[in-house]
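Student: Sequence and predicted model, in that order:
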Amino acid sequence: KLYSIPQKHSTLTLFNYQPQNLNHKNTFKNNSNYNNNNNNFNFNYLNLNKKQKQFFCTQTKVKISVNEIPTLNEFMKAQQKAEMNNETIEQIQNEIEQSLSIPYLKNLEPFPALGKSFYIETFGCQMNVADTEVVTSILKNVGYQNCQTPNEADVILLNTCAIRDNAEHKIWSRLGDFKPFRTKKLREKKKPIVGLLGCMAERLKSKILENDKLVDLVAGPDAYRDLPRLLTEVEGGQQAVNVLLSLDETYADITPVRTTSNNLSAFVSIMRGCNNMCAFCIVPFTRGRERSRPFSSIEDEVKKLVDEGFKEITLLGQNVNSYNDLTTKSTKNYTLPTGFRQICKSPEGGTRFTELLDKLSIIAPNVRFRFTSPHPKDFPLELLQLMKERSNICNSIHLPAQSGSSTTLERMRRGYTREAYLELVSQIRTIIPGCSLSSDFISGFCGETDLEHEETISLLREVQYDLAYMFAYSLREKTLAHRTMKDDVPETLKQTRLKQVIDTFHEISEKKNKNEIGKVNLVLVEKISRKSNSEWLGRTDANKKVVFPNFREDSNEKKIEIGDWIAVRTTDSSSVTLRGVPLAHSSLQSFENLNLS
């Protein structure tokens, strides 16, 4: 039987432990206070050598069972028998009482990392960036230190994406980069642990561990709390896997460690998972069902970011505007836009996204709010009206179309037609004049005909998007398309159609950006321009990139710095970037009243 004092306490005590053989007994005998009469061991874990630590983490953990955990009274009596002083007993009792809310597990709690380092690379969407911040927080809380390069790390983690086949190829290639590095480290007896996190980890599971032994650890998107234990198992010589999906995990109680260097823009994850079950999409299978963070935890995180000086917050979710906090009841009715339907019906009575955004924009009036990635079905009239009224909610909407053909949209199981989508676009531009629109498009989905492709091209021309993310279709296992359809569009034709979509978008975008010349936009200064140290890069309310000089020629006022709100007049443009001149310092609240004629 193995009884351990809670993790904060450095001294661990074993009671009535029956060694399997003399070697096991001798493992601790020379580094502990050993009582031969009752086989009790009292020892300090920090003083153990490597062999003893490995024994403790791997050999003894299998000997504990939930039924053998002592009650508090039994534990205290055992400590008294070990002749511990009253002060120590009181200290342990307080720690045990504080940990009673945590269920006991068969495995030992992982020990602090004691100064070990980790390195993490992030692939894919903003949700993965936010997840990396959660992982960083979890590992730092158990003693790991973040480092900037893999060659100095004890643990190397890749946070992965599985949305397209090309994304997975990049990750396999990156794992191959670490193979000689791991061999070199092994010769130095410092072989790093390599772990795969995120969507690809959940999708491929055991295949990853078996492939040339490139990976020691696999953890899915809902298993990040388990990372310290998984790392302990790997250190004990075992491969470790946890890819279980959760119905309620949101990491709401974990404070992310921000990875941005300028404390300017932050991601706040408000929900996880997706219920839409689009025919082409693997997200519901790698991220699980939708669940939303309690509003109170989001409010606390936003307030903290405001106190730390952040100027822009992006609310994140796989289907961010389907946010539905069932822990906070609401009496407001929720209706879908005309022509849109749900694949899975949402529970009623919770606080929805419009109410959340309303409250947050009031709490933080000097912070600019964005949100991504939404679904077109979750844009009720109330949300559009709120965006019009609040100056700190960006007039920029991501509206993923995926295709311009109603027949393709039906096969994709998107829940709307081309006509319903265009009606929503019209409603947005009527309520929010000048609102920028971005979208996603897939070329070459199963069964796509030349006519259906041309309908996508015509949708691009009709809507006139400001930004678009365009990809060739990539068949994903487990999806409806994988189970019931044939990926019958040749790869060469997919690429030809994709090029037509991309060329059409850039043609439209270049014309739209020329219309910005002469207009004045409020720009948040983000960083030095990549091409010139004498220029700043920032973004407008419409999420357009703007490059402009880092000084104002006609003014002796304070110089422009990162984090400033600057009124900038556009003087030139390309299909992706605006160029301009700075006119004045401003703010979210005062910009509309600024006279710059």
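Tutor: Thanks, I have it.
Student: What ranges in the stretch 451-597 of the chain fall below the confidence cut-off?
Tutor: By pLDDT under 70, the weakly predicted segments of the stretch 451-597 of the chain are 552-557, 597.
Student: all helices of it, in order?
Tutor: 480-484, 491-514 (DSSP state H, counting those that start in this stretch).
Student: do the same with the stretch 101-250 of the chain
Tutor: Applying DSSP H, counting those that start in this stretch to the stretch 101-250 of the chain gives helices spanning 126-141, 165-187, 199-204, 206-210, 227-235.
Student: so which of these gets nearest residue 498?
Tutor: Residue 498 lies closest to helix 165-187 among these, at 11.9 Å (CB to CB). Backbone N, C-alpha and C define where each C-beta goes, glycine included.
Student: how far does that closest one sit from the chain's center?
Tutor: When C-alpha coordinates are averaged (CA atoms, centre = their mean, to the nearest Å), helix 165-187 and its chain have centres 22 Å apart.
Student: out of the helices of the stretch 101-250 of the chain, deepest packed?
Tutor: Burial of the helices of the stretch 101-250 of the chain is given as mean neighbour count (mean count of other CB atoms under 10 Å); helix 199-204 ranks first at a mean of 25.
Student: and that one, average pLDDT?
Tutor: Throughout helix 199-204, pLDDT has a mean value of 80.
Student: Ok, stretch 359-376 next?
Tutor: Stretch 359-376 shows an average pLDDT of 96 in the prediction.
Student: same deal with stretch 384-392?
Tutor: 96.
Student: buried ones in stretch 205-222?
Tutor: Going by neighbour count (16 or more other CB atoms under 10 Å), the buried part of stretch 205-222 is 208-209, 214-222.
Student: Quick check: end-to-end length of that stretch?
Tutor: 14 Å (CA to CA, to the nearest Å).
Student: could you say what helices and strands the helix or strand hosting residue 385 packs with?
Tutor: Residue 385 belongs to helix 381-389 when assigned by DSSP states H and E. Secondary-structure packing of helix 381-389 (3 or more CB pairs under 8 Å, 6 or more residues apart in numbering; DSSP states H and E): helix 353-363, helix 418-431.
Student: surely residue 386 meets residue 357?
Tutor: Yes - using CB atoms under 8 Å, residue 386 is in contact with residue 357, at 6.3 Å.
Student: These two: which is more packed in?
Tutor: Per other CB atoms under 10 Å, whichever of residue 386 and residue 357 has more neighbours is residue 357, with 22 against 17.
Student: three-state assignment of residue 342?
Tutor: Secondary structure for residue 342, judged by DSSP: H, G, I helix; E, B strand; the rest coil, is coil.
Student: contacting residues around it?
Tutor: Residue 342 is in contact with 275, 336, 377, 415, counting by CB atoms under 8 Å, 6 or more residues apart in numbering.
Student: Adding secondary structure, write the residues you listed out as CSV.
Tutor: Listed next are these as CSV, based on three-state DSSP:
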residue, secondary structure
275, coil
336, coil
377, helix
415, coil
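Student: neighbour-wise, which of those leads?
Tutor: Neighbour max across the contacts of residue 342 (other CB under 10 Å) = residue 377, 22 neighbours.
Student: distance of it from residue 423?
Tutor: Noted for residue 377: a distance of 13 Å to residue 423, by CB to CB, to the nearest Å.
Student: who touches both of the two?
Tutor: Shared contacts of residue 377 and residue 423, counting by CB under 8 Å, 6+ apart, come down to residue 337.
Student: Give the closest residue to residue 489 in space, chain neighbours not counted.
Tutor: Setting aside the residues directly before and after it, residue 489 is nearest to residue 444 in space (CB to CB, 6 or more residues apart in numbering), at 4.0 Å.
Student: Identify the contacts common to residue 386 and residue 357.
Tutor: Contacts common to residue 386 and residue 357, judged by CB under 8 Å, 6+ apart, are residue 393.
Student: Now name the helix or strand holding residue 438.
Tutor: For residue 438, the enclosing helix or strand under DSSP H and E is strand 436-443.
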